[in-house]
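> coords please:
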Amino acid sequence: MKKRTFWHRVQEAMRDQNIKPTQKAAAKMAGIAQPSVAKWAKGGMPAMETATLLATKLQVCTEWLLTEQGQKRPIDAEASYLLDAF
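Next up, the predicted model:
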């Protein structure tokens with residue numbers, strides 16, 4: 001099985017938000033140039049600041065976006081409070 005790249009996860013998160021998963025759309029969302037996003041499609045990685053910004057805008061965890069480890073979605077404050085109660 002081929003390992004999924006950062007770009008694959010960005011595309012998945014964009015689809016989850018009903019955003020067409022194009023390099024142009026990702027670049028606009030991240031505030032960077034499209035050629036930078038093209039590097040992700042070739043296996044490159046973004047700067048941490050860019051990854052964090054994208055994760056926030058796409059409502060996913062930065063760790064998941066970068067590594068596909070951990071939770072995909074952050075636990076919201078209410079759910080966290082309920083979990084702490086148990």
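> in this protein, which spans are helices?
Along the chain, counting by DSSP state H, helices occupy 6-16, 23-30, 34-41, 48-58, 62-67, 77-85.
> dump these into CSV; add mean pLDDT as well.
Below are the helices of the chain laid out as CSV (pLDDT from 0 to 100):
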stretch, mean pLDDT
helix 6-16, 97
helix 23-30, 97
helix 34-41, 96
helix 48-58, 96
helix 62-67, 96
helix 77-85, 55
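> CSV please, covering the ones you listed and showing mean neighbour count.
C-betas here are computed from N, CA, C, even on glycine. Shown next, in CSV, are these (neighbours: other Cβ atoms under 10 Å):
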stretch, mean neighbour count
helix 6-16, 19
helix 23-30, 18
helix 34-41, 16
helix 48-58, 16
helix 62-67, 16
helix 77-85, 9
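> quick check: nearest residue in space to residue 29, chain neighbours excluded?
residue 57 (5.5 Å; Cβ to Cβ, 6 or more residues apart in numbering).
> next up, the contacts around residue 11.
The contact partners of residue 11, taken as Cβ atoms under 8 Å, 6 or more residues apart in numbering, are residue 21.
> that one and residue 75, how far apart?
Separation of residue 11 from residue 75 (Cβ to Cβ, to the nearest Å) stands at 24 Å.
> likewise for residue 6?
In this structure, residue 6 and residue 75 are 23 Å apart, going by Cβ to Cβ.
> try residue 53
From residue 53 across to residue 75, the span is 20 Å (Cβ to Cβ).
> just residue 59 next, same as before
Distance from residue 59 to residue 75, by Cβ to Cβ: 12 Å.
> cool, and residue 5?
For residue 5, the distance to residue 75 - Cβ to Cβ - is 26 Å.
> who has more neighbours, these two?
residue 5 (16 against 12; other Cβ atoms under 10 Å).
> pretty sure that one is touching residue 46, no?
No. The criterion here is Cβ atoms under 8 Å, and residue 5 misses it with residue 46 at 11.4 Å.
> brilliant, that's me finished.
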